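>>> sequence-free structure coming up:
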């Protein structure tokens, strides 16, 4: 398969959808006086963006399957399956914070082969395909080269509905705050992973994640020279609802600390 060509075609579809989302973002301020109207708009944007992506990506690979967040189409895993998050960072979008994105991955059989994350605030298109490296707006990027956890800048996401592992999570946070340069929480796992792939963050970890949160980022990081795993160091991160990723050296150190706490 010509993964490069498919990636280029998918980028155009994603860019068009991103333009739609940005246009709708201007309506948020007009509706803030009425919470119900704001929520209706956000729901509309989520679903309409997903419909646009399903239509456009489906034309690139006819008869492909889809795994989506908003369920505008029935989930159907096929030989080629698009994994779609039409708007990751919905709360940021709602509050006018610029950190939100469109995130799309392509899975061929059981392998993630294409990952694209379009960050709308700065209009940065992160993309990667199998064997092709990772790029941001056409410029190749790589994971950071820092080798010590103490010198690293980390990213995470706070639990907001699944608190079953929160004690272990906050214990790990305490350890990492004391053994790093800091921890950031942007509010978009897909964007956090894109920033790991481009070396802005040294590592990212979070639990209670969904496939559409992490699929594109996993490709970005892998093709940028990084490591992606679950909390035990295995490959069950797509459906296992936990993910740890980073440059090889930082991933190794962070994995040791995570395994010691998340037993």
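Right, received. Where do you want to start? On a predicted model such as this, the values are computed, not experimentally measured, just so you know.

>>> Can you check the pLDDT for residue 71?
Per-residue confidence at residue 71 stands at 84 (pLDDT).

>>> which element is the residue nearest the centre of the chain on?
Closest residue to the average C-alpha location of the chain: residue 190 at 1.5 Å, with CA atoms, centre = their mean. According to DSSP states H and E, residue 190 maps onto helix 189-197.

>>> and the angle for the helix or strand following that helix with helix 189-197?
The helix or strand immediately downstream of helix 189-197 is strand 203-207, counting by DSSP H and E. With axes from the mean of the first three to the mean of the last three CA atoms, to 10 degrees applied, the angle from strand 203-207 to helix 189-197 works out at 160 degrees.

>>> what pairs with strand 203-207, and is each one parallel or antiparallel?
Using DSSP bridges, strand 203-207 pairs in its sheet with strand 153-156 (parallel), strand 242-246 (antiparallel).

>>> C-terminal to the last one, what's the next element?
Using DSSP H and E, the helix or strand that follows strand 242-246 in sequence is helix 248-261.

>>> now do the first one
If you walk from strand 153-156 toward the C-terminus, the next helix or strand you reach (DSSP H and E) is helix 166-177.

>>> Now that next one: buried residues?
169, 172, 173, 176 (16 or more other CB atoms under 10 Å). No exception for glycine: its C-beta is placed from N, CA and C like everyone else's.

>>> just stretch 97-110 next, same as before
99, 100, 101, 102, 103, 104, 105, 106, 107, 108.

>>> Do a quick rundown of the helices in this structure.
Per DSSP state H, the chain has helices spanning 3-25, 28-31, 35-60, 90-95, 166-177, 189-197, 211-223, 248-261. These are given in chain order.

>>> how about low-confidence regions in this protein?
Across the chain, residues meeting the criterion (pLDDT under 70) sit at 29-39.
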